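**Q** below are the sequence and a predicted model for it; my questions follow.
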Amino acid sequence: MNIANVSFDSHPRFADHLVGHASIVEHLKIAHKAGRLPHGLLFTGAKGLGKATFAHQLARALLNDSMECLGELPAPSLSSTDHLLRAGNHPDFIVLEKQADEKGKVTKDISVEKARSVVHFFSQTSLEDNWRIAVIDSVDDLTPKGANTLLKVLEEPPHKCLLILISQNLESVLPTLRSRAQIIQFSPLLEQETKALFEEKKLEDAPFLASISAGRPGLGLMINDLGGRSFYEAFLKVMKDLSAQDLRSTHGFIETFILKNTALNPEVAWSFFADFLNHWVAHTLSLEQKNNEQGILNKRSPDQWVESWFSIQEILRTTHIFSLDKKQTLLCVFHELAGLHQR
């Protein structure tokens with residue numbers, strides 16, 4: 001996502017190489033070598049697993065005609081193709097993603113006009129009979145008309161074209177898109193793989209971030225940008241206080257780490273925290289931490305968590321659509337979580 005105040009090299013196009021997902025790398029290498037690389041790929045899995053990074057690295061390998069190097073350590077110097085890709089100027093590669101305006105406010109979806117630009121892109125002639133590659137990050141953000149527009153590419157694929165669809169929720173993808181693309185399921189990385197990635201990025205608290213990322217590097221990077229260990233420990237304090245029906249720490253947490261985060265644009269901090277909270281609630285809902293450190297699962301039924309999950313989703317969605325007061329929204333979210341103890 002092209003959002004202001006996020007470090008310049010955080011976009012997937014600046015990644016030097018892949019970490020993890022070795023089985024997917026091998027699968028696509030074999031398909032390419034046999035001349036059976038699909039014209040449509042649907043990358044699915046939880047947010048933050050590296051799907052977009054993988055898509056960019058796959059495009060890089062194909063456009064450099066070096067598919068055998070996919071997943072390997074990077075070459076000592078960048079090629080002219082690499083420079084064009086990093087600058088976002090390669091004529092045979094486009095990415096559709098939600099954009100942010102000068103204030104950092106992100107659009108609600110990817111419009112049908114953007115989807116039509118993909119169809120037009122694939123109708124053009126590539127340079128030197130090269131691949132033409134488009135990435136939709138994510139297809140979940142397409143309008144229904146936009147999703148239907150992409151069917152033309154998958155039903156009548158031009159020579160050496162590749163459409164990569166990225167989704168966090170496979171069930172939300174238009175069935176006709178799912179049926180015409182090869183589905184690639186991404187899984188969490190091993191903790192040591194996540195730690196190695198964070199160490200490459202020279203993050204100060206790499207071991208800690210890896211330990212709380214649940215195999216999702218994107219989640220760890222968001223936590224790092226929000227304040228790292230300080231943010232995470234303050235969040236756990238808020239959740240612990242909620243279990244005692246104490247909301248006093250909530251106000252300070254919201255002000256310090258979200259509304260007045262000095263390291264991030266307010267819209268970015270809001271977006272990151274919404275993603276983090278969605279992950280945390282979903283992780284809690286999965287009951288993977290029955291004896292978790294937050295201590296809020298006791299006497300809580302899955303049905304109560306499901307009800308809260310949908311309530312929080314609706315609160316966050318409504319705030320984004322209508323630009324409602326973010327502090328009041330976050331207080332409502334935490335009240336919703338605290339209210340679980342009264343059901």
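**A** Received it, and whenever you're ready, just let me know what you need. Nothing here was measured: the structure is a model prediction, and the numbers come from that model.

**Q** G45 contacts F186, doesn't it?
**A** Yes: using CB atoms under 8 Å, G45 makes contact with F186 at a distance of 3.3 Å. For every residue, glycine as well, the C-beta is placed using N, CA and C.

**Q** mutual contacts of those two, please.
**A** K51 (CB atoms under 8 Å, 6 or more residues apart in numbering).

**Q** could you report the distance from the spatially closest residue to E155 that is not a sequence neighbour to H39?
**A** Nearest non-adjacent residue to E155, counting by CB to CB, 6 or more residues apart in numbering: R180, 6.7 Å away. Shown here: R180 relative to H39, a distance of 9 Å by CB to CB, to the nearest Å.

**Q** where do the contact lists of the two overlap?
**A** L154.

**Q** number of residues surrounding the residue nearest to E155?
**A** When neighbours are counted by other CB atoms under 10 Å, R180 registers 20.

**Q** what are the phi and psi values for it?
**A** Main-chain torsions, R180, degrees, to the nearest 10: phi -110, psi 0.

**Q** same thing with the one 3 residues further on?
**A** I183 has phi and psi values of phi -80, psi 130 when expressed as degrees, to the nearest 10.

**Q** now swap in N169 and tell me
**A** Torsion angles, degrees, to the nearest 10, at N169: phi -140, psi 90.

**Q** just L96 next, same as before
**A** According to degrees, to the nearest 10, L96 has phi -110, psi 120.

**Q** contact partners for it?
**A** By CB under 8 Å, 6+ apart, the neighbours of L96 are 110, 114-115, 117-118, 134-137.

**Q** do that again at 10 Å, thanks
**A** 110-111, 114-115, 117-118, 121, 134-139, 141-142, 146, 150, 165-166 (CB atoms under 10 Å, 6 or more residues apart in numbering).

**Q** which residues in the stretch 1-150 of the chain form helices?
**A** Along the stretch 1-150 of the chain, counting by DSSP state H, counting those that start in this stretch, helices occupy 22-33, 51-63, 80-87, 112-123, 144-149.

**Q** and the third one, what's buried?
**A** Applying a neighbour-count criterion of 16 or more other CB atoms under 10 Å, one finds 81-82, 84-86 buried in helix 80-87.

**Q** and if you look at the last one?
**A** By 16+ other CB under 10 Å, the buried positions in helix 144-149 come out as 146-147, 149.

**Q** the next helix or strand after that helix packs against which elements?
**A** Downstream of helix 144-149, the first helix or strand assigned by DSSP states H and E is helix 151-155. Under the contact criterion of 3 or more CB pairs under 10 Å, 6 or more residues apart in numbering; DSSP states H and E, helix 151-155 touches strand 40-44, helix 112-123, strand 161-167, helix 175-180.
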